[in-house]
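Trainee: any chance you could fold what I've pasted below:
(chains A and B, ligands or ions: 3)
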Amino acid sequence: MPSNAEIAERFREIADLLDVLGERFKPEAYRRAARSLDDLPEDISAYAARGKLRQIPGIGEALAAKVEEYLRDGRIAYRDRLAAEIPSGVVALMKLPGLGPKTARRLWVELQIDGPQALREAIDAGRLAGVKGFGDRKVALFREAATAPAPVARLPLWEAYETGTGLVAALRERVPLDRVELAGSLRRARESVGDLDLLTTSPNPSKVMEAFTTLPEVREIRLKGPTKSTVLLASGRQVDLRVVPAESFGAALQYFTGSKEHNVKLRSRAQRLGLRVNEYGVNRGSTRLAGATEAEVYRALGLAEIPPELREDRGEIDAAEAGRLPRLLSAGDLAGDLHVHLPPGAGAEEAADAARSARDLGHRVVGLVLPPDATPEGFGRLRRDVGAAETGLRILWGVERGWKAPAWGGAPAVDFVLLTPSGPDPPEGPPPAGGFPGVSTVLAHLSLDRSGLGESDPVRSEAWIDWAAARGIALELPPTAARDGLDSTSARAARERGLPLVVTGLSERRCDPKRLQVAVALARRAGLGPADVRNVSESPLWPAPELTPARPGPPVERPAAPSAGRRRRSRP
DNA sequence: GCCGTTTTCGGCCCGACTGTTTTCAGTCG
Ligand SMILES: Nc1nc2c(ncn2[C@H]2C[C@H](O)[C@@H](COP(=O)(O)OP(=O)(O)OP(=O)(O)O)O2)c(=O)[nH]1
Ligand SMILES: [Mg+2]
Ligand SMILES: [Mg+2]
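Mentor: Ligands and ions are numbered 1, 2, ... in the order given. As a prediction, the model looks like this:
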């Protein structure tokens, strides 16, 4: 859906330009519409053709006209006029850390500074000295902002999770803390995370701030106050810490988890109810109604507690009011992980270790995955040697098979095949030989990634979902999202198509509960419940696809029939 | 520019930190 993204980008440009002009609410109106376009499940031109543009949240008469103009002309005259009036460098100035629309405009209008480079030169030439409101400290800050390297890119969720949990552990080592949570986009399980947001309660906030800002990995202190500090790590990654009293922990967690748009909607709702919501609690006048837990905060607003993964202002507040929030998957629902890699040439010991790691987590089933060069003979030996050594855990054997791999040459059959694509798009023509008939198949290591951030390219993910749906092939939700499988947006679409879905940790040698936890969070973000996920059952396999047999299929050992009530696939 | 179980016009979330401010503006979360 290229035009959705293009129009969203044009609207965001307009928003930035209007910011520079000092407009108050219009910029947010354009950003809201841009976000709606990003969230749209279909190409915007389909809405335009049906005359339904105005039904998109944040699109009214004026913006609908601009969408139509772009679809017709490939440009929006209003944007072009603004862009001609305001040098792009002024927008760049506004985006420097610590500078905003007011400063950028003043620099431009009063001092003819039209970009970061010009700002640095002006400062070095002393042109800012004595200008009202620009004292020495501010000028120094401007210069630093103008010469600092560009801010680091967003981090894929899984990496943010590792950095974040490491940081929490480091902080706990140095100072006693009551409660600590990672909040922000990480807690919401966004596929990409900009900064890390930490919330704590402590009887001694200043001690916590001191410990936080002096952590060895801290390169620079951006802000430091009694309740809030911001630092940059050596990596350039920003971390925000907020400390609040224990009785405000729930309200603060609600605030710091966001999203911003969710918070604004919630607080507007509170206003209507005669209430005020902030990070310290819910209040009516000077009476405090809630604050210790998030559930309390939502209840005070007449809402069911909204899972963090859904807090994006995409209708979840109305759903919470109506009691229509979905029952989401939780880690405890899973019977086991279906994607634990065994190393090349793994023997019985390694396989047994992997199985035991799963059993020790209380799992009832594990999918052990052989590397692509595995052979039926080697697999036969491995399975025999592992034998009945394991108790209380069912092993399902899978093998990764490349698209062009020769068909699996004979018995014994594995329990499932992880078919790995060789290119970015589904191929035309006959189905691959890598799989084989009669065996459940999942597309694995599917890379739909658009930007290296775990977010899928909507066009390609739709193509793969179509391809898999037509063949009864399952799709995978790994902790790395679109790098290796579905992200939450495409998982939502796949669920609507009724595809078999598996939530996996995609780990090496051992079942990794932390990776599984992240994958579950992504599944929750997709709105998936236990009924949508195959591996909630210890018989998680799904019907085998229809692939062209390369040779008569070997006898297939199916330890158990797939559960009843499975969805039927349809041919295209 | 959008939007409506108080509004079709008047609102549009609320607070922390910093700098230069003598009472607050700007930026950010
Ligand atoms: N009420 C309110 N809350 C905000 C605002 N801006 C940010 N927050 C809250 C909600 C955010 O999720 C949280 C953390 O802010 P961040 O800027 O780190 O955003 P977030 O973590 O959601 O996304 P990120 O991946 O860091 O870009 O603070 C705001 O303008 N108003
Ligand atoms: Mg954040
Ligand atoms: Mg933050």
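
Trainee: so where do the strands sit in the stretch 451-572 of chain A?
Mentor: Using DSSP state E, counting those that start in this stretch, the strands of the stretch 451-572 of chain A run over residues A:474-477, A:501-503, A:507-508.

Trainee: chain center to the longest one: distance?
Mentor: Centroid displacement of strand A:474-477 relative to its chain, using C-alpha atoms, centre = their mean, to the nearest Å, is 16 Å.

Trainee: and if you look at stretch A:325-336?
Mentor: 18 Å.

Trainee: for stretch A:308-315, same thing?
Mentor: The answer for stretch A:308-315 is 12 Å, by C-alpha atoms, centre = their mean.

Trainee: quick one: low-confidence residue ranges for chain A.
Mentor: By pLDDT under 70, the low-scoring segments of chain A are A:388-391, A:409, A:430-431, A:433-436, A:547-572.

Trainee: let's see 80
Mentor: A:1-2, A:387-392, A:406-412, A:428-437, A:546-572 (pLDDT under 80).

Trainee: quick check: domain ranges of it?
Mentor: Listed domain ranges for chain A are A:4-147, A:155-243, A:259-322, A:331-532 (source: automatic domain parsing).

Trainee: give me whichever of those is most buried.
Mentor: Mean neighbour count (mean count of other C-beta atoms under 10 Å) peaks for domain A:331-532 among the domains of chain A, with a mean of 20. Heads up, the C-betas are built off the backbone N, CA and C, glycines and all.

Trainee: look up how far residue A:473 lies from the closest residue to ligand 2 within the stretch 1-150 of chain A.
Mentor: Nearest to ligand 2 in the stretch 1-150 of chain A, going by C-beta to the ion, is residue A:97, at a distance of 14.6 Å. Noted for residue A:97: a distance of 46 Å to residue A:473, by C-beta to C-beta, to the nearest Å.

Trainee: residues making contact with stretch A:100-107?
Mentor: A:19-22, A:90-91, A:93-94, A:113, A:119, A:122, A:133, A:142 (C-beta atoms under 8 Å, 6 or more residues apart in numbering).

Trainee: and that stretch, C-alpha only, in CSV?
Mentor: Written as CSV, here are the backbone C-alpha positions of stretch A:100-107 (Å, rounded to 0.1, in the frame of the first residue of the first chain):
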residue,chain,number,x,y,z
GLY,A,100,11.4,23.3,18.9
PRO,A,101,9.1,25.3,16.6
LYS,A,102,9.5,28.6,18.5
THR,A,103,13.2,28.5,18.5
ALA,A,104,13.5,27.4,14.9
ARG,A,105,11.2,30.1,13.7
ARG,A,106,13.0,32.8,15.7
LEU,A,107,16.4,31.7,14.4
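
Trainee: wait, isn't residue A:18 in contact with residue A:27?
Mentor: Yes: counting by C-beta atoms under 8 Å, residue A:27 is a contact partner of residue A:18 at 4.6 Å.

Trainee: on that earlier part again, distance to residue A:445 for the strands of the stretch 451-572 of chain A - can I get that in TSV?
Mentor: Formatted as TSV, those follow (distance: least, C-beta to C-beta, whole Å):
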stretch	distance to residue A:445
strand A:474-477	8
strand A:501-503	13
strand A:507-508	13
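
Trainee: tell me which of the ones you listed sits nearest to residue A:365.
Mentor: The minimum distance between residue A:365 and those falls on strand A:501-503, with 11.3 Å, by C-beta to C-beta.

Trainee: which strands and helices sit next to the closest one?
Mentor: Secondary-structure packing of strand A:501-503 (3 or more C-beta pairs under 8 Å, 6 or more residues apart in numbering; DSSP states H and E): strand A:474-477, helix A:488-496, helix A:513-525.

Trainee: tell me the contacts of residue A:183?
Mentor: A:197-199, A:253, A:256-258.

Trainee: go with 10 Å
Mentor: Each residue near residue A:183 by C-beta atoms under 10 Å, 6 or more residues apart in numbering is listed here: A:164, A:196-199, A:240, A:242, A:252-258, A:308.

Trainee: tell me which entries of these lie within helices.
Mentor: With helices defined by DSSP state H, the entries of the contacts of residue A:183 inside them are A:164, A:252-257.

Trainee: not counting sequence-adjacent ones, nearest residue to residue A:101?
Mentor: residue A:19 (4.2 Å; C-beta to C-beta, 6 or more residues apart in numbering).

Trainee: packing partners of the helix or strand in which that neighbour is found?
Mentor: Element membership for residue A:19 (DSSP states H and E) is helix A:2-20. When contacts are defined as 3 or more C-beta pairs under 10 Å, 6 or more residues apart in numbering; DSSP states H and E, helix A:2-20 sits against helix A:26-39, helix A:44-49, helix A:61-73, helix A:77-85, helix A:88-95, helix A:101-111, helix A:458-471.

Trainee: would CSV of the domains of chain A with distance to residue A:541 be doable?
Mentor: As requested, the domains of chain A are exported to CSV (distance: least, C-beta to C-beta, whole Å):
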stretch, distance to residue A:541
domain A:4-147, 29
domain A:155-243, 26
domain A:259-322, 27
domain A:331-532, 4
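
Trainee: looking at chain A, which residue lies furthest from center?
Mentor: Distance from the C-alpha centroid of chain A, by C-alpha atoms, centre = their mean, peaks at residue A:130 (46.6 Å).

Trainee: ok so, going back, contacting residues for the residue of the stretch 1-150 of chain A closest to ligand 2?
Mentor: So residue A:97 contacts A:141, A:144-145, A:148, A:151, A:222, A:232, A:238 (C-beta under 10 Å, 6+ apart).

Trainee: stretch A:267-280 spans what distance, first to last residue?
Mentor: Taking C-alpha to C-alpha, to the nearest Å, the first and last residues of stretch A:267-280 lie 13 Å apart.

Trainee: contacts for it?
Mentor: The contact list for stretch A:267-280, computed with C-beta under 10 Å, 6+ apart, reads A:199, A:227-228, A:242, A:244-245, A:247-249, A:251-256, A:263, A:266, A:282-285, A:287-291, A:297, A:300-303, A:317-318, A:321.

Trainee: in strands, which of the residues you listed fall?
Mentor: Under the assignment DSSP state E, the contacts of stretch A:267-280 contribute A:199, A:228, A:242, A:244, A:282-284, A:287-290 to strands.

Trainee: rebuild these as CSV, extending it with distance to ligand 1.
Mentor: Shown next, in CSV, are the ones in strands among the contacts of stretch A:267-280 (distance: C-beta to the nearest ligand atom, whole Å):
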residue, distance to ligand 1
A:199, 10
A:228, 11
A:242, 9
A:244, 13
A:282, 13
A:283, 15
A:284, 19
A:287, 21
A:288, 18
A:289, 18
A:290, 16
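
Trainee: export these to TSV and tack on distance to residue A:337?
Mentor: Shown next, in TSV, are the ones in strands among the contacts of stretch A:267-280 (distance: C-beta to C-beta, whole Å):
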residue	distance to residue A:337
A:199	30
A:228	39
A:242	34
A:244	36
A:282	40
A:283	45
A:284	47
A:287	49
A:288	44
A:289	42
A:290	38
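
Trainee: out of the residues you listed, which is nearest to residue A:459?
Mentor: Once C-beta to C-beta is applied, the member of the ones in strands among the contacts of stretch A:267-280 that ends up nearest residue A:459 is residue A:199, at 37.9 Å.

Trainee: report the beta-bridge partner residues of that closest one.
Mentor: residue A:181, residue A:242 (DSSP bridges).

Trainee: can I assume it is in contact with residue A:258?
Mentor: No: using C-beta atoms under 10 Å, residue A:199 is not in contact with residue A:258, being 11.7 Å away.

Trainee: what do these two both touch?
Mentor: Residues touching both residue A:199 and residue A:258 (C-beta under 10 Å, 6+ apart): A:183-184, A:187.

Trainee: now, which of these lie within helices?
Mentor: Using DSSP H, A:184, A:187 are the members of the shared contacts of residue A:199 and residue A:258 that sit in helices.

Trainee: okay, the shared contacts of residue A:199 and residue A:258 in CSV with distance to residue A:354 next?
Mentor: Listed next are the shared contacts of residue A:199 and residue A:258 as CSV, based on distance: C-beta to C-beta, whole Å:
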residue, distance to residue A:354
A:183, 34
A:184, 34
A:187, 30
